[in-house]
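>>> sharing a sequence plus its predicted fold:
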Amino acid sequence: MDFSDEPVDIEFRTALRGWLSRVVPTMGSEPESLEERLPRWRRWQQQLHAAGYAGLSWPSEYGGRGAGVLQQAIFAEECDQAGAPERLNILGEGLVGPTLIDFGTDAQKSRCLGPILTGESVWCQLFSEPNAGSDLAALQTRAQRDGKGWRINGQKVWSSRAQIADWGILLARTGEPGSKHRGITYFLLDMRQEGVRVMPLRPMVGSAEFNEVFLDNVWIGDDCVVGKIDDGWRIAMATLSYERVALATGRVNTQQVITDLIARVRVSRDATGRPLGEDPAVRQKMADLYLRTTLQRLTGKRILSGMASGASPGPAVSTAKLFSTALVEEMADFALASFGLEGQEDPDAARANSRWLRLAYQARGTSIAGGSTFIQRNIVAERVLGLPKA
């Protein structure tokens, strides 16, 4: 297939690149903590909204521009290349918005979609539980009828950025305890109300972006039910489908990572003082990583091209996710092994190495997010290779 941009995409990329070159330098450096980054992110989101780059995939009637998946990929790629600020509400814009556009009521769309695009509201996802991760249908958070609404009791975990979220998408069981998929309902939860308690989880990487969320007799009105009662599983699968495409095509900009890695190897030396790039084993490893980065990019482009033509991403997304997460892990591990000793003695090198350490931790998390490696292997085995479940 032809991997070059179409004329309309070239025009989009050129305009976007010019806009980013003017605006990104005015944003300043990124603070360390999540709470400190929030005001900067809101300002960035307002800039995107004013320029017409917020909600790219959303239909124009909801404030978007109806861009296809290829232009969404171009947008992410150009933002990475330009060093644009991180988008803290990517869940709201990338998952919640499309879900509400497909399944929400007119009132829900009117209330929620605009503030997502302008940066006024931040969203989190309240799906996983201590005993319901990859087996999401085992969730135990319970919703019981109370007047014109529901009382929610339970616990969620691994909820990214819940401590700064204004709203959350919540799955709770409304059917019988053993009803599994058919007894789950999809809710919109106001995170600022009484009974919602957020406990940050601090991982090895340092900043606490994951959280536990405890729900103690929280009330949700019927106007915050998305779809029909007990039909939340179907809607949740639609939400997760948006996430899996992003994971498959790479949450990490591997092209930028391999470029930076090559540049670092060229100026580094081994323990004997010899240039690291002269080591045959290092050169072979770099060639391997570069080739796999190219394959990852082309695989992502093929998936996106198929979707642009109306095809479902299908099980190929699982194959691509398995490939990309392993690639990023190896990149980070190679960097730590190659540059680790420098960081013991040189403060500047230590600061540079912290980037690779964060990437190594992030890669391990990404191997779990959106369906763990073992779940993805099962999908490939059963749906691609046709192997029996036993």
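Perfect, thanks for sending it.
>>> show me where the stretch 201-350 of the chain has helices.
232-249, 254-267, 280-308, 316-345, 347-366 (DSSP state H, counting those that start in this stretch).
>>> which one of the ones you listed lies closest to Q81?
Of all these, it is helix 254-267 that lies closest to Q81, at 6.7 Å by Cβ to Cβ. Where you see a C-beta, it was placed from the backbone N, CA and C, and this is true even at glycine.
>>> quick one: mean pLDDT for the closest one?
Mean pLDDT, helix 254-267: 87.
>>> and the angle from it to helix 280-308?
170 degrees (axes from the mean of the first three to the mean of the last three Cα atoms, to 10 degrees).
>>> got the helices of the stretch 201-350 of the chain as TSV, with mean neighbour count columns?
Formatted as TSV, the helices of the stretch 201-350 of the chain follow (neighbours: other Cβ atoms under 10 Å):
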stretch	mean neighbour count
helix 232-249	20
helix 254-267	17
helix 280-308	16
helix 316-345	19
helix 347-366	16
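>>> mind giving me TSV with the ones you listed and columns for distance to E61?
Shown next, in TSV, are the helices of the stretch 201-350 of the chain (distance: least, Cβ to Cβ, whole Å):
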stretch	distance to E61
helix 232-249	19
helix 254-267	35
helix 280-308	21
helix 316-345	28
helix 347-366	34
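>>> nearest to R377, out of these?
Here helix 316-345 is closest among those (Cβ to Cβ), at 6.9 Å.
>>> what is the closest one packed up against?
helix 232-249, helix 254-267, helix 280-308, helix 347-366, helix 373-379 (3 or more Cβ pairs under 8 Å, 6 or more residues apart in numbering; DSSP states H and E).
>>> tabulate these (a markdown table), appending distance to H181.
Output for the helices and strands packed on helix 316-345, formatted as a markdown table (distance: least, Cβ to Cβ, whole Å):
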| stretch | distance to H181 |
| --- | --- |
| helix 232-249 | 4 |
| helix 254-267 | 35 |
| helix 280-308 | 26 |
| helix 347-366 | 26 |
| helix 373-379 | 16 |
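>>> returning to what we had before: among the helices of the stretch 201-350 of the chain, which is nearest Q108?
helix 232-249 (12.1 Å).
>>> I'd like the average pLDDT over that closest one.
76.
>>> wait, W233 touches G175, no?
No. Look at W233 against G175 with Cβ atoms under 8 Å: they stay out of range, at 10.3 Å.
>>> identify the contacts common to the two.
182, 184 (Cβ atoms under 8 Å, 6 or more residues apart in numbering).
>>> so what's Y53 up against?
Counting by Cβ under 8 Å, 6+ apart, Y53 has contacts 16, 19, 75.
>>> could you measure from it over to A15?
Counting by Cβ to Cβ, to the nearest Å, the gap from Y53 to A15 is 10 Å.
>>> okay but D9 is in contact with Q72, surely?
No. Counting by Cβ under 8 Å, D9 does not reach Q72; the two are 10.9 Å apart.
>>> doesn't C124 belong to a strand?
Yes. Assessed by DSSP: H, G, I helix; E, B strand; the rest coil, C124 belongs to a strand.
>>> quick one: contacts for it?
C124 touches 91, 159-162, 165, 167-169, 191, 211, 213, counting by Cβ under 8 Å, 6+ apart.
>>> for D102, same thing?
Here D102 is in contact with A238 (Cβ under 8 Å, 6+ apart).
>>> verify the stated contact: L261 with M331.
Yes. Using Cβ under 8 Å, L261 makes contact with M331 at a distance of 6.2 Å.
>>> common neighbours of these two, please.
Contacts common to L261 and M331, judged by Cβ under 8 Å, 6+ apart, are L289.
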